[in-house]
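Asks: could you look at this predicted model? Sequence included:
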Amino acid sequence: MKLEMILVLAISLIHFAGAEEIVVKPGEKIQDAIDGANPGDVIEVQSGTYQENLNVDKMLTLLGVDTGGGKPVVDASAKGPAISLNEDGIRIEGFVVTKSVRTSESEDETRLDEEGDNLYLEYVGILINGSDNCAVANNTAVLNSAGIAVAYSSNSSVEMNNITYSECGMFILNASDSTIEDNIVSESAEVGIALSACDNNAIIGNKAVRSGTVGDGIWVSGSNNLLADNDVSENPFYGIVLRGNDNTISRNRAQDNGKSGFKLMGSFRNNVSGNDFSQNGESGISISENCDNNVIEENVLNDNGVYGVYLESSSNNTIVSNDATHNEWGIGLCKFSNNNTIAANNASSNLLGITLWDGGNYNQIFENDISLSENYGIQLMDSIGNIIAENKVCYNAGGIGLYSSSDDNIIEENNASYNAGNGIDLDDCRNNVVRRNRADNNEWGGIGLYLGCEENIVEDNDVSYNNWAGISLAECDDNIVVGNNVTQNVMGGIKLQKSWDNLLYQNDLVDNAAGDTGIKTTSPLIGSLLESAQDERVKNAYDDASNQWDNGTVGNYYTDFDCTDADSDGICDSVRPIPGGESVDRYPLANPTNSV
């Protein structure tokens, strides 16, 4: 876009090789010079204050020249734009524009212009109005309703301007293929830089900070825009707000904003990568109102007041390789945020690492690193059909927790070890599959199913060296526990309490409750509970109700059972009563399942 503008200006200069240089001194009228100039002329305006509303209606260059009194000042006196550009190829550089503001008498009647456009086109320091290939550079706009506005234009350049104390610092409407670069916008009452219905623009290297009490930094509506390397901080509401498609948001800094660093609404196929959205009042990134197919990648989202990333009612998004630490919640999905991919993120040192609730369904949560959470590393509440796989969920208060009818989920191949609570918890959940996970060295238990869990499958997990039982079921019916390695857990191997009609087979129950094989507790409460429960050690198996400990052909392997196998068929010659109730393993295994 810059190259195209340079070419246009170069051609114009050739065409106007005989251009005249006109000097305007204090006491003279700039408009008189404009009216008397020919296209291609250069008008130099000396230091001074000029109370005018300039209409530049031919291709000219207006240069403000500091002759000792600072940049020349164009004072609009609340009568409309200070400078209006109404022809292609105009350049404005080196001015102070001021006092293009609404008055109490004009406010009602000029809120919208005759075409229904924003009042910022009526009261603005510099206005590019329906003109292409214009340049506005190195100006100061102070105390205007809008500092600079670009409307219905293309291939314009707005660069290195300083805009303060406006309602809207910079307003861009229906503009395309333009560059907004290296501007400083501060103390705007509503928004620093606003783009409405704008496509194919570059917003680069700007600083939009300290907007008013309800202000945002940058607000964009449109498609195929690039927002890069902007500093959008210390705004009361949002740093960057985007409503549009196919935009690129990259390498921006949005910190210390009152709400979120970046807010995405009703938008598709945007790429948000490499940004620093930290230390904001609510969220680093907030996504809502049916945002689909966006990529959120490699952002720093630390120390925000609530969420690193928050998704609401948004689907098919990819959130990958972000650093979301020291928030209350690292990453949160809710209210029918479905079919999203949450992968390879660092969501550590949060109150809760990754959480799905209130209908966060059919998402894929995999290869995330989650540690040092004050609650669970991963938690689901009222969320169904999710796949939680290959995550490292260690050194948290709890590992992976499913609650409140979180049904039909798959929890597989995770490392849920060294947590203060259980490695994996299910509470009031149905039809979940928990398989091939590692849940060892947890300060409480390995895997626990509690209070109404039904028809879940717990299979092929490695559950060892936990301080409580390896696998616990309490008030849970009709579950299948199969093929697990349950080794050297302090309080017992598999423990069933008030649970009925569960099927357990091909589990290896090895040296459980055989000694102090667990890890040192860091929680005084857990330490106290374990100490008071020492008389509840149950060896390899315990069942106080009636459950099936074999599948009719094979049962489980127990190191504390005196097994004889006279016919060498791999099945012990006698049944194995299960301590605690009436259950019996009719086909206990003579050897661990890995040798059957």
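Replies: That came in fine, so what should we check first? Please read all numbers here as calculations on a predicted model, not as lab measurements.
Asks: where does this protein dip in pLDDT?
Replies: Low-confidence segments of the chain, defined by pLDDT under 70: 1-18, 104-118, 515-537, 595-596.
Asks: quick one: the helices in it?
Replies: With DSSP state H, the ranges of helices along the chain come out as 2-15, 30-36, 524-532.
Asks: need the nearest residue in space to residue 27, chain neighbours excluded.
Replies: Spatially, and ignoring its direct neighbours in sequence, residue 27 is nearest to residue 48 (7.6 Å; Cβ to Cβ, 6 or more residues apart in numbering). For every residue, glycine as well, the C-beta is placed using N, CA and C.
Asks: just checking, that neighbour touches residue 70?
Replies: No - judged on Cβ atoms under 8 Å, residue 48 makes no contact with residue 70 at a distance of 9.2 Å.
Asks: more neighbours: which of the two?
Replies: residue 48 (18 against 13; other Cβ atoms under 10 Å).
Asks: what sits against that one?
Replies: 25-27, 69, 72-73 (Cβ atoms under 8 Å, 6 or more residues apart in numbering).
Asks: what of residue 419?
Replies: Contacts for residue 419 (Cβ under 8 Å, 6+ apart) come out as 377, 393-399, 442-444.
Asks: what is the burial count for the closest residue to it other than its chain neighbours?
Replies: Residue nearest to residue 419 in three dimensions, not counting chain neighbours: residue 399, with 4.3 Å by Cβ to Cβ, 6+ apart. Number of residues near residue 399 (other Cβ under 10 Å) recorded here: 34.
Asks: I figured residue 399 was touching residue 411, is that so?
Replies: No - using Cβ under 8 Å, residue 399 is not in contact with residue 411; the gap is 10.0 Å.
Asks: for residue 376, the count of nearby residues, please.
Replies: Using other Cβ under 10 Å: residue 376 sits among 26 other residues.
Asks: report the separation between it and residue 306.
Replies: 17 Å (Cβ to Cβ, to the nearest Å).
Asks: with residue 156 instead?
Replies: As judged by Cβ to Cβ, residue 156 and residue 306 stand 39 Å apart.
Asks: among the two, which residue is more densely surrounded?
Replies: Comparing residue 156 with residue 306 by other Cβ under 10 Å, the one with more neighbours is residue 156, at 26 against 18.
Asks: quick one: residues in contact with stretch 65-75.
Replies: The contact list for stretch 65-75 (Cβ under 8 Å, 6+ apart) reads 30, 44-52, 54, 64, 82-83, 94-99, 139-140.
Asks: just the buried subset of these, please.
Replies: Neighbour counting with 16 or more other Cβ atoms under 10 Å marks 30, 44-48, 50, 52, 54, 64, 82-83, 94-99, 139-140 as buried within these.
Asks: return the subset of the residues you listed lying in strands.
Replies: In this view, these that belong to strands under DSSP state E are 44-46, 50, 54, 64, 83, 96-98, 140.
Asks: spatially central residue in this structure, please.
Replies: Central residue of the chain (Cα atoms, centre = their mean): residue 309, 2.9 Å from the mean position.
Asks: how near is it to residue 355?
Replies: Separation of residue 309 from residue 355 (Cβ to Cβ): 11 Å.
Asks: mutual contacts of those two, please.
Replies: Common contacts of residue 309 and residue 355, defined by Cβ under 8 Å, 6+ apart, comprise 331-332.
Asks: roughly how far is stretch 579-595 from the heart of the chain?
Replies: 49 Å (Cα atoms, centre = their mean, to the nearest Å).
Asks: which residues are contacting that stretch?
Replies: Applying Cβ under 8 Å, 6+ apart, the contact partners of stretch 579-595 are 483, 496, 506-508, 510, 538-539, 541-550, 552-558, 561, 563, 565, 570-572, 574-578, 596.
Asks: in it, which residues are buried?
Replies: 583-590, 592-593.
Asks: of those residues, closest to residue 122?
Replies: Here the nearest of the buried residues of stretch 579-595 to residue 122, counting by Cβ to Cβ, is residue 593; it sits at 80.1 Å.
Asks: how many residues are close by residue 187?
Replies: Residue 187: 16 surrounding residues under other Cβ under 10 Å.
Asks: residue 371 against residue 392, yeah?
Replies: Yes - using Cβ under 8 Å, residue 371 is in contact with residue 392, at 7.5 Å.
Asks: now do the shared contacts for those two.
Replies: With Cβ under 8 Å, 6+ apart, residue 371 and residue 392 have no common neighbours.
Asks: hang on, the earlier thing: show me what the residue nearest to the centre of the chain is bridged to.
Replies: Following DSSP bridges, residue 309 is listed with bridge partners residue 285, residue 331.
Asks: how about it, what does it touch?
Replies: Residues near residue 309 by Cβ under 8 Å, 6+ apart: 283-285, 287, 296, 301, 319, 322, 324, 330-332.
Asks: again, but for residue 542
Replies: 469, 492, 494-497, 578-580 are the contacts of residue 542 under Cβ under 8 Å, 6+ apart.
Asks: if it is in a bridge, with which residues?
Replies: Applying DSSP bridges, one finds that residue 542 bridges with residue 495.
Asks: state the distance from it to residue 421.
Replies: From residue 542 across to residue 421, the span is 20 Å (Cβ to Cβ).
Asks: is residue 267 in contact with residue 245, as I believe?
Replies: Yes - with contacts counted by Cβ under 8 Å, residue 267 reaches residue 245, the gap being 6.0 Å.
Asks: who has more neighbours, the two?
Replies: Between residue 267 and residue 245, residue 267 has the larger neighbour count (other Cβ under 10 Å), namely 24 against 18.
Asks: what sits closest to the more buried one if chain neighbours are left out?
Replies: Closest to residue 267 by Cβ to Cβ, 6+ apart is residue 291, at 5.0 Å.
Asks: likewise residue 120?
Replies: Closest to residue 120 by Cβ to Cβ, 6+ apart is residue 146, at 3.7 Å.
Asks: surely that neighbour touches residue 165?
Replies: No - counting by Cβ under 8 Å, residue 146 stays clear of residue 165, with 11.4 Å between them.
Asks: out of those two, which sits in the more crowded spot?
Replies: When neighbours are counted by other Cβ under 10 Å, residue 146 comes out ahead of the other of residue 146 and residue 165, with 30 against 17.
Asks: quick revisit: ok, now which ones touch the residue nearest to residue 419?
Replies: 376-378, 393, 414, 416-417, 419, 421-425, 439, 442.
Asks: tell me how far it lies from residue 493.
Replies: To residue 493, residue 399 is 19 Å away according to Cβ to Cβ.
Asks: same check on residue 257?
Replies: 52 Å.
Asks: residue 454 now?
Replies: Residue 454 sits 22 Å away from residue 493, going by Cβ to Cβ.
Asks: which of the two has more neighbours?
Replies: Per other Cβ under 10 Å, whichever of residue 454 and residue 493 has more neighbours is residue 493, with 32 against 18.
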